[in-house]
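> any chance you can model this:
(2 chains)
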Amino acid sequence: MTIKHTFKLCFLLLIFSCASTEITKIEGKRLDIDETIKSDQTIEDFITPYREHVNKSMDSVLSYAPETYSKSDGELNTAIGNFMADAIFSEGNPIFNQRTGKNIDFVLFNHGGIRAIISKGDITTRTAYSVMPFENSTVVVGLKGTQINAMMDYLSKAKRAHPVSKQLQLTLDKDSNIKSATIHGEPIDMSKTYYVATNDYLYNGGDGMVFFHPNEGIEILNYKVRDVLIDTFKKTDTINPKRDNRFIKLKD
Amino acid sequence: MKRRQFIQKSTAATILAGVGGLGLQSFSPSKTKKITILHTNDVHSHIDPFGPDDGRNANKGGVARRSTLVESIRKDNPNTLLLDAGDIFQGTPYFNFYGGELEFKLMSMLKYDLATIGNHDFDNGIDGLYAQIPHAKFDFVSANYDFSNTVMDTHVKPYKTFVKDGIKIGVFGLGIKLEGLVDKNLYKETVYHHPIEIAQDMSRILKEEQGCDLVICLSHIGYNYKNAPNKVSDITVARATKDIDLIIGGHTHTFLPKPTIEKNSIGKNVLVNQVGAYGLYLGKVDFYFEPGKEVSAEGASIIV
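Now for the predicted structure:
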């Protein structure tokens, strides 16, 4: 072996070695985080003062849930969604009426806005914070019948259980076309202005709900949706949310 | 003549020994290198474990337990990165009370290496996010959000590279379209660019220009949209790009029991993973580099 050979060998070795920093094997796993893992005490101690402060205001019992309610327990309407939409109507309408002399016609909310389940058992302030963590306010928007039609069209295509209050009845046929849409049992009047309660997120086009513009005006109630829930819980000993037929799709 | 031959031979031996020594240190076929990637997504301010009465996740999760788990994995393999795919904020009163301060402080204590930005991280406005940045001892990446005309300018980089045990790792971030999802008053002048072209660009930069051995996409664009298959998602990014080894996702709260294996634009495997939400799980992907070992045309062998 000569020096030349040696250099060649070295060169090859280097090329070979460096080119081979390639991945040869990959292992993927999901690890559970549960009570079998001991808590890191340093982290616990750091959280404690924050937790105590938060808990002081969170753990008061407001009401009782006879079942567990989830936003995924219905195709186009759910017990929890109906409960929330009806609560916004009941709590919001007196304020709106007092300010404007008018009444809310119905409520539209969004499926994605329900952020947690209501668990069977005691309902606390914490429950309201988990279901509705956002700071969004209730708003009432004046909408012409044409815009309401655009809303119905959106709902028929969205295929999600966006919560509506019981004053609205929307029935889709098996192909998801609108079969009937009524408000207070009456067909939608194109020239009439309807007052729809929602939150400021959706009013500003959240979840693609562009039909809130153009509109006939907006009344910001300065009443957080979460506070609507808290006030409703406080007035109700045991909640009784029910899935019904307000927004359905026919099978045939 | 004989003496000359002897010198030549001994020099050759020395050089060979030198190369051998170098090889043993960094390129030796006998030394397997292992990079561990740990990840969370959509923790949504879930600092405490769920209570014993929770209807779905009783006694699960908890950041103090996550800390113990991460530490034990780091002890086993110091060449570990801990990443978060966004939506750190919003979901428990801790966020309503402290605006994300506690979330960032705890992630810093757990020594997170990097995070991307989710739509809910704008929930107190871009100013609310900016206000918490001093509490984060880790960096943020997003390649498709342009923050130039916002307070977040210079606080978010498109990508970051790490070197662990001589292996260069590049991680870039992707965020979801904000219009129609987040109130414009909250995200203000943040500009969104379509993730596919950005991801193609980023993977080229990281692989070719930066010479990364491992390329990771840290995404908050969502796993997959069954009702809208054309909507950009981790799956569509995986299929439309090359040179990405792992996509860590978020946003859709998809509880994947194990990573999905997708084919990229040149038929090679890409791993796509997401661990649901609320810190109920920790994702762990180990990459092994074994110099000298043949790699098949498809790529590495994958055990999931």
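
> separation between residue B:256 and residue B:154?
The spacing between residue B:256 and residue B:154, counted by C-beta to C-beta, to the nearest Å, is 34 Å. Glycine gets a C-beta too; all of them are placed from N, C-alpha and C.

> who has more neighbours out of the two?
Applying other C-beta atoms under 10 Å in any protein chain shown to residue B:256 and residue B:154 shows that residue B:256 carries more neighbours, namely 18 against 8.

> phi, psi for that one please.
Main-chain torsions, residue B:256, degrees, to the nearest 10: phi -80, psi 120.

> correct me if wrong: it contacts residue B:39.
No. Residue B:256 is not in contact with residue B:39 according to C-beta atoms under 8 Å; the separation is 11.5 Å.

> can you list residues touching both of those two?
B:273, B:275 (C-beta atoms under 8 Å, 6 or more residues apart in numbering or on different chains).

> okay, buried residues for the longest helix along chain A please.
When chain A is parsed with DSSP state H, its longest helix is helix A:79-100. Across helix A:79-100, burial judged by 16 or more other C-beta atoms under 10 Å in any protein chain shown covers A:79-93, A:95-96.

> show me what that helix is packed against.
strand A:106-107, strand A:137-144, strand A:193-199, strand A:218-224, helix A:225-235 (3 or more C-beta pairs under 8 Å, 6 or more residues apart in numbering or on different chains; DSSP states H and E).

> report the angle between that helix and strand A:218-224.
120 degrees (axes from the mean of the first three to the mean of the last three C-alpha atoms, to 10 degrees).

> just the angle between helix A:79-100 and strand A:137-144, please?
When the same axes, to 10 degrees is applied, the directions of helix A:79-100 and strand A:137-144 differ by 80 degrees.

> residue A:88 and residue A:227 touch, don't they?
No. Using C-beta under 8 Å as the test, residue A:88 is too far from residue A:227 to be in contact (10.8 Å).

> re earlier: please state the offset of the longest helix of chain A from the chain centre?
17 Å (C-alpha atoms, centre = their mean, to the nearest Å).

> kindly export that helix (C-alpha atoms) in CSV.
Output of helix A:79-100 as CSV, limited to C-alpha atoms (Å, rounded to 0.1, in the frame of the first residue of the first chain):
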residue,chain,number,x,y,z
ALA,A,79,-78.4,18.9,24.6
ILE,A,80,-75.5,21.1,25.7
GLY,A,81,-75.8,23.3,22.6
ASN,A,82,-79.6,23.7,23.0
PHE,A,83,-79.1,24.5,26.7
MET,A,84,-76.6,27.3,26.0
ALA,A,85,-78.5,28.8,23.1
ASP,A,86,-81.7,28.9,25.2
ALA,A,87,-79.8,30.4,28.1
ILE,A,88,-78.5,33.2,26.0
PHE,A,89,-82.0,33.9,24.9
SER,A,90,-83.5,33.9,28.4
GLU,A,91,-80.7,36.0,30.0
GLY,A,92,-80.0,38.3,27.1
ASN,A,93,-83.6,39.2,26.0
PRO,A,94,-84.6,41.2,29.1
ILE,A,95,-81.4,43.4,28.7
PHE,A,96,-82.0,43.8,25.0
ASN,A,97,-85.7,44.6,25.4
GLN,A,98,-85.0,47.1,28.2
ARG,A,99,-82.4,49.0,26.0
THR,A,100,-84.3,48.9,22.7
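
> walking through the stretch 51-200 of chain B, point out its strands one by one.
Taking DSSP state E, counting those that start in this stretch as the test, the strands found in the stretch 51-200 of chain B are B:80-84, B:114-115, B:139-141, B:145-146, B:156-157, B:159-164, B:167-174, B:191-192.

> nearest to residue A:171, out of these?
Each of the strands of the stretch 51-200 of chain B has some distance to residue A:171 by C-beta to C-beta; the shortest is strand B:191-192, at 37.2 Å.

> same question for the closest one, mean pLDDT?
The average of the pLDDT scores along strand B:191-192 is 98.

> same question, stretch A:123-130
On average, stretch A:123-130 scores 95.

> anything in it near chain B?
Yes. Between stretch A:123-130 and chain B, judged by C-beta under 8 Å from any C-beta of the partner chain, the touching residues are A:126, A:129-130.

> counting neighbours, what do you get for residue B:145?
26.

> not counting sequence-adjacent ones, nearest residue to it?
Leaving aside its sequence neighbours, residue B:145 sits nearest to residue B:175 (C-beta to C-beta, 6 or more residues apart in numbering or on different chains; 4.8 Å).

> identify the residues contacting that neighbour.
With contact taken as C-beta under 8 Å, 6+ apart, residue B:175 is in contact with B:86, B:116-119, B:142, B:144-145, B:192, B:195, B:220-221.

> now do residue A:172
A:76, A:156, A:178-179, A:248-250.

> 10 Å - rerun?
By C-beta atoms under 10 Å, 6 or more residues apart in numbering or on different chains, the contact set of residue A:172 is A:76, A:152, A:155-157, A:159, A:178-181, A:247-250.
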